[in-house]
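Engineer: quick check, what structure comes out for this input:
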Amino acid sequence: MAILDRLYRLGGRIAGLLIILICVLISAQIILNTAGRVAPGLLPSTIPSYANFAGYMLASATFLALADTLRSGGHIRVSLLTNQFSQRGQVAAEALVLAIGLAFTAFATWWLGHLVMESRQFGDVSSGIVRIPLWIPQLVMTVGMALLTVAILHTLVDLARRREPVLPSAGDV
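Structural biologist: Coordinates of the predicted model:
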């Protein structure tokens, strides 16, 4: 299972890189705007479709980070109630939540995959200056959701093996 943990961390690192790229892109756009006011015509005033690129990178980063965030205990959890349960009750509550989450994420992964195939089949592209095939950012979202689905299943298996809560709390991180 160490391979899976490395895969989740890779998704998290790629997400971090995408956030840095968003910062670079937006900073470059700000510099171009400023340069356009200071010395009009010297540089182009805009990066074509920069808002679309930033949005797609943000969506990709969000989805790719989900599995790593789950496994490292970064997701917000309401443990005020479950901390009052016995260890057996905590395991049961965690198993129920993980099973429900697994069903939802598997369903979402399936539909996102279907969306990618439809977008590719119909040749859907973005509406910006730079025409981006929509299946590309949708595929990254699908991969991120699939990673989350695997991470939830992985966590559920860990829970069944250990018979004790396995998700770290925010205070444990």
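Engineer: switch to C-alpha atoms for all contacts and neighbour counts from now on
Structural biologist: Fine.
Engineer: relative to Val130, how far out is the residue nearest the centre of the chain?
Structural biologist: Nearest to the geometric centre of the chain sits Phe63, at 1.6 Å (C-alpha atoms, centre = their mean). From Phe63 across to Val130, the span is 23 Å (C-alpha to C-alpha, to the nearest Å).
Engineer: just the helices in this structure please.
Structural biologist: For the chain, the helices defined by DSSP state H occupy 2-38, 50-71, 79-82, 87-122, 135-162.
Engineer: pull the helix or strand with minimum mean pLDDT from the protein.
Structural biologist: Scoring the helices and strands of the chain by mean pLDDT, DSSP states H and E places helix 79-82 at the bottom, with a mean of 73.
Engineer: and that one, what's buried?
Structural biologist: The neighbour-count check on helix 79-82 (16 or more other C-alpha atoms under 10 Å) flags Thr82 as buried.
Engineer: one more: stretch 55-66?
Structural biologist: For stretch 55-66, by 16+ other C-alpha under 10 Å, it's Tyr56, Met57, Leu58, Ala59, Ser60, Ala61, Thr62, Phe63, Leu64, Ala65, Leu66.
Engineer: from these, which is closest to Arg9?
Structural biologist: Ala65 (8.2 Å; C-alpha to C-alpha).
Engineer: isn't Leu159 right next to Ile152, touching?
Structural biologist: No. Applying C-alpha atoms under 8 Å as the test, Leu159 and Ile152 come out as separate, 10.4 Å apart.
Engineer: point out where the protein drops to low pLDDT.
Structural biologist: For the chain, the stretches with pLDDT under 70 are 1, 77-78, 168-173.
Engineer: one step back: mind putting the buried residues of stretch 55-66 in a markdown table, distance to Ile136 included?
Structural biologist: Shown next, in a markdown table, are the buried residues of stretch 55-66 (distance: C-alpha to C-alpha, whole Å):
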| residue | distance to Ile136 |
| --- | --- |
| Tyr56 | 9 |
| Met57 | 11 |
| Leu58 | 14 |
| Ala59 | 12 |
| Ser60 | 10 |
| Ala61 | 14 |
| Thr62 | 15 |
| Phe63 | 14 |
| Leu64 | 14 |
| Ala65 | 17 |
| Leu66 | 19 |
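Engineer: and those residues, which two are furthest apart?
Structural biologist: The most widely separated members of those, counting by C-alpha to C-alpha, are Tyr56 and Leu66 (15.8 Å).
Engineer: I am finished for the moment; much appreciated.
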